[in-house]
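**Student:** A structural model of the following input is requested.
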Amino acid sequence: MMPASSTILLALALPALAAAAPTLPEAQARVTVEADQPLRTMDRHRLLGTNIALWNEARTYADPVIRRWIRDLDVPLIRIPGGSWGDITFWNGAGPRRPDGTVDSARTGPDGYPAIDYTRYAPAIITENDGTIRKGGWHGHVDVRTLHEWVRDEGARAVVIVNGGTGRPVDAAEWVRWSRSMGWAVEYWEVGNELDGGWEAGHVKPDGKELTAAEYSARYAAFVAAMKAVDATIKVGPAAVGFGPGSFGEAVLRDHADLIDFFPVHTYPVLGSDPVETAFAKLATLGAQVAELRAVIRRVAPARADTLPVTYTEWNGATHVGAHDLTPALWSALWIGELFRAGVESANEWDAMNGEDGYGLVTTADPPARKAQYWAFWLWANRMGDTLLTATRTGDDAVSVVATRSRGEVQVMLVNRDRDRPARVRVRVKGFSPAARGRLTTLSAREYLWDTAAKRPRWSSLPTPSSMMIGPGFDVTVPPDAIVVASLPARGTALAPRPPVTREPGAPVLSFLLPPESYAEGRIEGWLVATRPDGNPWADPLGDATLSTEGPARLLAGSVRLAEAAGRFSFTATVAGTATMRATLGPITASATLLIRSAVPRPVVLWEFESPVLDNAKYNSNWTLSTDATVRPNQSVARVEFGGLSPEGRNRQTVLKIYDFPPREKLDR
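**Tutor:** Got it, this is the predicted structure:
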């Protein structure tokens, strides 16, 4: 996983609106699908791969619910053993592993590498960035065998990162041999991970010098020779590296294009500080990136220009502002469409299982939950087709469309990025004769709602199916911040019976989802929720609820949409105090209070180090200063080891001194 670029986020106070505005009307858009103009045909599931890692806990891999959820996505490719950990993992720990499972860090051979006994197997061992065996530290929650077995049990094939950073060709070759003997299905083998980056183990060599493009190119050739001597049929590719002029990618393509079976790319285009609008604008970067890579291949290895497969073995965009609501689902659904359109051979998002941050298909909490991004994968796996069609949109810019065809039907995915108002979309399909009735599948706030206070989904359930009348032209209403897939069977296709219409008994229960407290600055968001008595979302569409406030809060609209059982509303506050929110839906009412604190200057600086190697010319401490890769998965943090409760001597008072800050445009000093 590659760290994001440095950036700064400034919190700006917005003026309160003078008066509440009415509920916004539907936006209008027109979509035309050319069903007889295919753009590309492939197994779309190859774009739905993911990553798993040695640091995920054993209970997570054993959880039958998580296993079923991943299986429901029909994921074909799962990458191991965990991003940057690929360059510090010796897949076999036999030799350094003692019988009790502990690791003897002194068990090295005459070449300084871990003394691995490849006549038997023991769980993997992890090295430090300098290649020495990690002393008394953490070597992962599970072993490589567990990862391979989990991939097999999910019906997938592995994408394996061999240790191109601190390992040797022989270690990679023995992994190939072992996987064959065990019957593991491996689709691709990558020689290292992001080895042109200073954050990656192996980029800085034992002599303190940085790995060069020419050296990596030679290293890659040596690994390929050793691995294919064991099995000439395997597919090997370089580490995901840059490919511009003078890059590692350009060097290996120029020197050894005939040894490259696929070229992997990593991208995290969305920064943590990006607002939602910026995040969606960055969808366009994918096609440009693939075109740039193809241009490099044409220039330095023209014989492979049209034949070398491009894979994305790490990608994600769920780090932007609002990364816990439905936005990651909308973004990822459109990104998968861009992967399809750009001619990408296969893709693996980062990653299958994660905690509370924006990444991950499912949470590793207890109990686990399916996150928003999961449902983008589910829709592509279960509701879309294998032939991408030409589709255009006019009108509302917040609406996006991706159309496919397979199984005797056309599928039209409509995404409404507007967070406040629904979109009315007129769809016209050319070159295809649909049946009289089709199916809509909706992912909206009724199916997924994030609870900010609880830091987990309030609910996360299957997208809702419904029956619809169709023809060459038909209308679809897409709720705010939602995805609707229209499935159009061909004329003469036998249709499933129309589902019976049922009504919820009784009346809904209204409640507010609000942050526990906020500051008197900017725009504050909350949700009004309509549920059944058991806490599940109300199934029937409801009218708008009326909102009012007491105290310092001022609403931006006097009503909130409840057609999807949960509606987002916004308000501002200019002074501190306690605000009371009230909602009315016919005879049903709800209220909640919110503590608003005085606005204070709260600058937020997002600065991620580009390298975990702490150069003494740039960083200094009176204590022992190092990096630690065990605190955060796939990331290194600065580690200061205190030799006692106080420094030795009055002058030893500096925990961390930074001599070299980012340039002024990245960090206001």
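**Student:** tell me how far Arg97 lies from Met468.
**Tutor:** Look at Arg97 and Met468: by CB to CB, to the nearest Å, they are 60 Å apart. Quick note: C-beta positions are derived from backbone N, CA and C, even for glycine.
**Student:** neighbour count for the two, which is higher?
**Tutor:** Higher neighbour count among Arg97 and Met468: Arg97, with 24 against 16, using other CB atoms under 10 Å.
**Student:** in this structure that one contacts Ala115, no?
**Tutor:** No. Counting by CB atoms under 8 Å, Arg97 sits too far from Ala115 to count as a contact (10.9 Å).
**Student:** show me which helix runs longest in this structure.
**Tutor:** helix 213-230 (DSSP state H).
**Student:** in terms of secondary structure, what does that one contact?
**Tutor:** helix 169-182, strand 186-191, strand 236-238, helix 248-256 (3 or more CB pairs under 8 Å, 6 or more residues apart in numbering; DSSP states H and E).
**Student:** tell me the mean pLDDT for that helix?
**Tutor:** Averaging pLDDT along helix 213-230 gives 98.
**Student:** distance of Ala507 from Pro537?
**Tutor:** From Ala507 to Pro537 the distance is 14 Å (CB to CB).
**Student:** more crowded one of those two?
**Tutor:** Each of Ala507 and Pro537 has its neighbours counted (other CB under 10 Å); Pro537 has more, 22 against 14.
**Student:** and the more buried one, what's its pLDDT?
**Tutor:** Predicted confidence (pLDDT) for Pro537: 97.
**Student:** now do the contacts for it.
**Tutor:** Taking CB atoms under 8 Å, 6 or more residues apart in numbering, we find Pro537 in contact with Arg446, Glu447, Leu449, Trp459, Val529, Ala530, Thr531, Ala565, Ala566.
**Student:** the fifth one contacts Gly535, correct?
**Tutor:** No. At 9.4 Å, Val529 and Gly535 do not qualify as touching, with contact defined as CB under 8 Å.
**Student:** who's more crowded, those two?
**Tutor:** Taking other CB under 10 Å, Val529 and Gly535 do not tie; Val529 has more neighbours (25 against 11).
**Student:** on the three-state scheme, the more buried one is what?
**Tutor:** Taken by DSSP: H, G, I helix; E, B strand; the rest coil, the conformation at Val529 corresponds to strand.
**Student:** contacting residues for it?
**Tutor:** Contacts of Val529 by CB under 8 Å, 6+ apart are Leu449, Arg458, Leu510, Ser511, Phe512, Leu513, Pro537, Ala565, Ala566.
**Student:** any idea what the third one is bridged to?
**Tutor:** On the basis of DSSP bridges, Leu510 is bridged to Ala530.
**Student:** for the stretch 451-600 of the chain, what spans make up the helices?
**Tutor:** Applying DSSP state H, counting those that start in this stretch to the stretch 451-600 of the chain gives no helices.
**Student:** any low-confidence regions in it?
**Tutor:** Residue ranges of the stretch 451-600 of the chain with pLDDT under 70: 494-501.
**Student:** residue ranges with poor pLDDT in the stretch 151-300 of the chain?
**Tutor:** Ranges of the stretch 151-300 of the chain meeting pLDDT under 70: none found.
**Student:** run the last query once more with 80
**Tutor:** Within the stretch 151-300 of the chain, the stretches with pLDDT under 80 are 272-273.
**Student:** the closest residue to Ala507 other than its chain neighbours: how many residues sit nearby?
**Tutor:** The shortest distance from Ala507 to any non-neighbouring residue, by CB to CB, 6 or more residues apart in numbering, is to Ile588 (6.0 Å). For Ile588, the neighbour count with other CB under 10 Å is 14.
**Student:** any idea how far the nearest residue to Gly471 once chain neighbours are set aside lies from Leu388?
**Tutor:** Excluding the flanking residues, the one nearest Gly471 by CB to CB, 6+ apart is Pro434, at 6.7 Å. To Leu388, Pro434 is 19 Å away according to CB to CB.
**Student:** over to Arg67?
**Tutor:** Arg67 sits 30 Å away from Leu388 when distances are taken as CB to CB.
**Student:** who's more crowded, these two?
**Tutor:** Neighbour totals were compared for Arg67 and Leu388, and Leu388 leads with 20 against 15 (other CB under 10 Å).
**Student:** can you show me the helices along the stretch 251-400 of the chain?
**Tutor:** Taking DSSP H, counting those that start in this stretch, the helices of the stretch 251-400 of the chain run over residues 276-281, 285-300, 327-341, 372-383.
**Student:** tell me which residues are up against the longest one.
**Tutor:** Counting by CB under 8 Å, 6+ apart, helix 285-300 makes contact with 243-244, 249-250, 253-254, 257, 263, 265, 267, 269, 304-305, 308, 310, 335, 338-339, 341-344, all of which sit outside it.
**Student:** please indicate which of those residues are buried?
**Tutor:** 243, 249-250, 253, 257, 263, 265, 267, 269, 304, 308, 310, 335, 338-339, 342, 344 (16 or more other CB atoms under 10 Å).
**Student:** enumerate every residue touching the spatially closest residue to Ala257 that is not a sequence neighbour.
**Tutor:** Leaving aside its chain neighbours, Ala257 sits nearest to Ala301 (3.5 Å; criterion: CB to CB, 6+ apart). Residues near Ala301 by CB under 8 Å, 6+ apart: Leu253, Arg254, Ala257, Leu308.
**Student:** could you redo the last one with a cut-off of 10 Å?
**Tutor:** By CB atoms under 10 Å, 6 or more residues apart in numbering, the residues touching Ala301 are Glu250, Val252, Leu253, Arg254, Asp255, His256, Ala257, Asp258, Ile260, Phe263, Leu308.
**Student:** need those in CSV (columns: distance to Ala453).
**Tutor:** Shown next, in CSV, are those (distance: CB to CB, whole Å):
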residue, distance to Ala453
Glu250, 49
Val252, 49
Leu253, 50
Arg254, 54
Asp255, 55
His256, 54
Ala257, 54
Asp258, 57
Ile260, 49
Phe263, 44
Leu308, 49
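**Student:** and the furthest pair within these?
**Tutor:** Glu250 and Asp258 (15.7 Å; CB to CB).
**Student:** for the helices of the stretch 251-400 of the chain, which one sits closest to Asn129?
**Tutor:** Asn129 lies closest to helix 285-300 among those, at 28.3 Å (CB to CB).
**Student:** list the buried residues in that closest one.
**Tutor:** Buried, per 16+ other CB under 10 Å, within helix 285-300: Leu286, Gln289, Val290, Leu293, Arg294, Val296, Ile297, Val300.
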